[in-house]
Structures are given as structure tokens and as C-alpha cells.
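> With the input below, show me the fold.
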Amino acid sequence: MRALRAMTPGRHQVELTEVPEATELQEGEVVVATRAVGVCGSDIHAWHGTQTYRMSYPVTLGHEAMGVVTRVGPGVSTVQLGARVVSETARSVCGVCRPCREGLYNLCEKRLGFGALCDGAMADSFVTRAQILHGVPDNLSDEIAATAEPYCVAYNAVVERARLQPGDAVAVIGPGPIGVFAAQLAAVSGAADVLVAGVRGDEARLEVSKQFFGATEVLVAEGQWWERPAMASAFDVVFDASGVSATLEAAFGLVRAHGQVVKVGWGREAYGRSLDPLVAKAVNLHGSFSHTWTTWERVVRLLSLGRLDPRAGLQSYAFSDWHEAFSAMSERHVLKSVLLL
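This is a model prediction of the structure:
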């Protein structure tokens, strides 16, 4: 079968190649024939060789997957052959550490994620656990269903980590898929004002944010923009969804005293700045990573009801056109590329 794999560390070491299909399934495992898979920023980093997390090589990329169940392994009774499903991203967890026992298996130190430490879903089919599958309603297209995973990342940040209240003023730093989806979730959750900030080159994504994803204001950040009178200490909740660490300084400048900052974007470089604003404002700083079962159930429900609608930001590509899909996201021409198989 076809699989898009990172073959070795380094720049542009990703290839569309042939790999054998799974043969024997373990207890609780199923095979899903991939119908649609989103391109994540982590896939782009793997393509460029700039990822900051551990990877096994060679490894099949992709974790934003939607497909149809084609085989079930021993002990599987919760999903049926032919079911349309989306899969969570934790291929395996230990099940016995404290986070796992508390239902926070997304934080398991032994968690193996698709597309990094084990083969992912950018293939004609992939093996996953029946325990982490969620049914896709008939009214959801394959393409939209494939956005459930990034929406779940944003939902965890906006709804589960932050304590956002109706009427809050919200700022989002970074108009990538997670940031834009976070803006939409903030609007759905009742935020009165939603600012989305980006840098030069983000103009297209910022415009999409304002037209279709709930942003009431957008800006191209220049200089010490967070110190402007209209910005400084003006926001109840700030979501930092950028891919750098330095933007946390802007977040501390934007947030009001005793407000909240949620860091959801990864950054490989050291922060290297004073944390005094965190102390002086008594800021509530939250990290946010991944998602759990309840997150997925709620996001799929919101997508099926049309409360969350990603269509204005999507561009679909044939699997064989993966290079074009990756380039479009890397160059910020589209918000989210989706590969259709």
C-alpha cells in the first residue's frame, strides 16, 4: 500500500513509497482505510527536518485522520466493519501512570503518537485502537471530519484549560490552524471581542479569520505591538498558538491583571525573557497539549451541528499531490491542506 514516510532525519527526506499492509492485529486493534487526512504543522516540520520532538525513522506521517473500519482484531466490540470514524492520536499509552489513571492519557510520559514515534495515517490504511475511535455522523464530509483533531487541540486550550466566560475579550497570537480554530471556539463560547494577530505573510489567514472564523479584529504584528494603549492589559484571555517561544512576552503584555494566558504553540528556542510580568500581574499561565475522549465527542458533535465550520479554510488535494499540499501550508497560502485518498 502507499504511505507517505519520513525516511531519515533532515530536510526533504519525505517520500511517497510502498509498505506492506498490516497482517496480524493485537487485542483491541482495528484497521482503518484512510479517506482523508489533514496536514499538520508537525508534518511540515518533519518535511523540513525542523521538528523539536523525538521521531522514529522511517515513519509514516499523519495523525489528523478520518476513514472506514475494514478489519477488527480480537476483543473488539465497540466498532463495526464499514463504520466511518475519526481516530485520536495516542497510538499507545501505559494505562497505569497517574495521568492515565486520571483520564489524562494525553499527558502519559510513555504516550506514542501517530506520525512521530509510530506509523501514522498518511497511508492507504493504518492500525489504531478501537478504544480511541469516534463515529462520524452521515452529514459530515470526509474532508470536514479530518479537521476534528486540530479542533480538539484548540478545544482543549479554549474550553478545558482556560476559564473563558461570555463577554470576555480574547486575543489569539498565531493564525495557523490551531489559532484560527481557537478564535472560532472562543466566539462560539461567547467571547465579545476576538483579536487574531499574525506576522507579515499571514495576511490571507488573517482575512479568513475575520470573515469566517469569529475574529472581530486582526492585525499584522510589528514592533512592540502589545504595548500600544489599545492592546496593553486589555484582554481577559490570551491564547499563544504561535510556533515560537518569544511570543509569550506579547501574551504577558496583552493580558489583564489576574487574566489567563494559554500556551498551545510549541517553540524550540529558549524563552530568554523576564518572567516578572507573570508575577506582577498574577497571571494564570496554562500549558495545553493534545486532547482526550470527551474532547473528541464534543468536537464531533459541534462539527455535525455546524457550530464549527472549517470549510472556508480548507483546500483538498489528491494523495499523490502531497508535495503541493505541504507547500501550500508551508507558504501559508491555505489554512489547512487535506489529502484525500
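
> Number of residues surrounding the spatially closest residue to residue 314 that is not a sequence neighbour?
Once flanking residues are discounted, residue 314 sits nearest to residue 336: 5.3 Å by CB to CB, 6 or more residues apart in numbering. To be clear about C-beta, it is placed using only N, CA and C from the backbone, and glycine gets the same treatment. Residues within reach of residue 336, counting by other CB atoms under 10 Å, total 25.

> So residue 336 is in contact with residue 150, correct?
Yes - assessed by CB atoms under 8 Å, residue 336 is found in contact with residue 150 at 7.2 Å.

> Return every residue with contacts to both of these two.
Jointly contacting residue 336 and residue 150 under the rule CB atoms under 8 Å, 6 or more residues apart in numbering are 38, 177.

> related to what we said a few turns ago, phi, psi for the residue nearest to residue 314 please.
phi -140, psi 120 (degrees, to the nearest 10).

> residues in contact with it?
Counting by CB under 8 Å, 6+ apart, residue 336 has contacts 38-39, 147, 150, 177, 310, 313-315, 329.

> can you pull the contacts of the residue lying closest to residue 178 once chain neighbours are set aside?
Nearest in space to residue 178, with sequence neighbours left out and distances taken as CB to CB, 6+ apart, is residue 241 at 4.7 Å. Each residue near residue 241 by CB under 8 Å, 6+ apart is listed here: 154, 157, 172-174, 176, 178-179, 182, 264-265.

> mind listing what the residue nearest to residue 75 when sequence neighbours are not counted touches?
Nearest non-adjacent residue to residue 75, counting by CB to CB, 6+ apart: residue 27, 4.8 Å away. Going by CB under 8 Å, 6+ apart, residue 27 touches 73-75.

> what's the answer for residue 217, then?
Neighbours of residue 217 in contact, by CB under 8 Å, 6+ apart: 193-196, 210.

> Residue 18 now?
1-3.

> Equivalent analysis for residue 249, please.
226, 273, 277.

> Most distant residue from the centre of the protein?
residue 229 (32.3 Å; CA atoms, centre = their mean).

> Local confidence estimate at it?
pLDDT recorded at residue 229 is 94.

> returning to that earlier point: and which of the contacts of residue 241 is nearest to residue 44?
residue 176 (10.0 Å; CB to CB).

> all helices in the protein, in order from the N-terminus.
Remark: helices assigned in the chain by DSSP state H are 41-48, 98-101, 142-145, 148-155, 177-188, 203-212, 247-254, 276-280, 293-305, 322-330.

> want to throw these into a markdown table with mean pLDDT and distance to residue 120?
Listed next are these as a markdown table, based on pLDDT from 0 to 100; distance: least, CB to CB, whole Å:
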| stretch | mean pLDDT | distance to residue 120 |
| --- | --- | --- |
| helix 41-48 | 94 | 9 |
| helix 98-101 | 97 | 22 |
| helix 142-145 | 98 | 17 |
| helix 148-155 | 98 | 11 |
| helix 177-188 | 98 | 17 |
| helix 203-212 | 97 | 25 |
| helix 247-254 | 96 | 28 |
| helix 276-280 | 95 | 36 |
| helix 293-305 | 98 | 17 |
| helix 322-330 | 97 | 13 |
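
> burial measure for residue 269, as a count.
By other CB under 10 Å, neighbour count at residue 269 equals 9.

> Let's see the pLDDT reported for it.
Confidence for residue 269, expressed as pLDDT, is 84.

> Show the backbone phi and psi for the nearest residue to it once chain neighbours are set aside.
Nearest residue to residue 269 in three dimensions, chain neighbours excluded: residue 245, at 5.4 Å (CB to CB, 6+ apart). Per-residue torsions, residue 245: phi -80, psi -30 (degrees, to the nearest 10).

> Distance of residue 245 relative to residue 112?
Look at residue 245 and residue 112: by CB to CB, to the nearest Å, they are 25 Å apart.

> Same check on residue 25?
Residue 25 is 17 Å from residue 112, by CB to CB.

> which one of residue 245 and residue 112 has more residues nearby?
Neighbours were tallied for residue 245 and for residue 112 using other CB under 10 Å; the higher tally belongs to residue 245 (18 against 15).

> Per-residue confidence, the more buried one, what does it come out as?
At residue 245, pLDDT is 89.

> Quick check, it in contact with residue 270.
Yes - if you go by CB under 8 Å, residue 245 and residue 270 touch, sitting 6.7 Å apart.

> For the one residue sitting closest to the centre of the chain, which non-adjacent residue is spatially closest?
Among the residues of the chain, the one closest to the centroid is residue 150, at 3.0 Å (CA atoms, centre = their mean). Leaving out its chain neighbours, the residue that sits closest to residue 150 by CB to CB, 6+ apart is residue 177, at 4.8 Å.

> Isn't that neighbour up against residue 41?
Yes - with contact defined as CB under 8 Å, residue 177 and residue 41 form a contacting pair (7.4 Å).

> Neighbour count for these two, which is higher?
Remark: of residue 177 and residue 41, residue 177 carries more neighbours, 29 against 17, as counted by other CB under 10 Å.

> mind giving me the domain ranges of this protein?
The chain breaks down into these domains under automatic domain parsing: 2-147+310-340, 151-287.

> Need those in CSV (columns: distance to residue 293).
Listed next are the domains of the chain as CSV, based on distance: least, CB to CB, whole Å:
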stretch, distance to residue 293
domain 2-147+310-340, 7
domain 151-287, 10
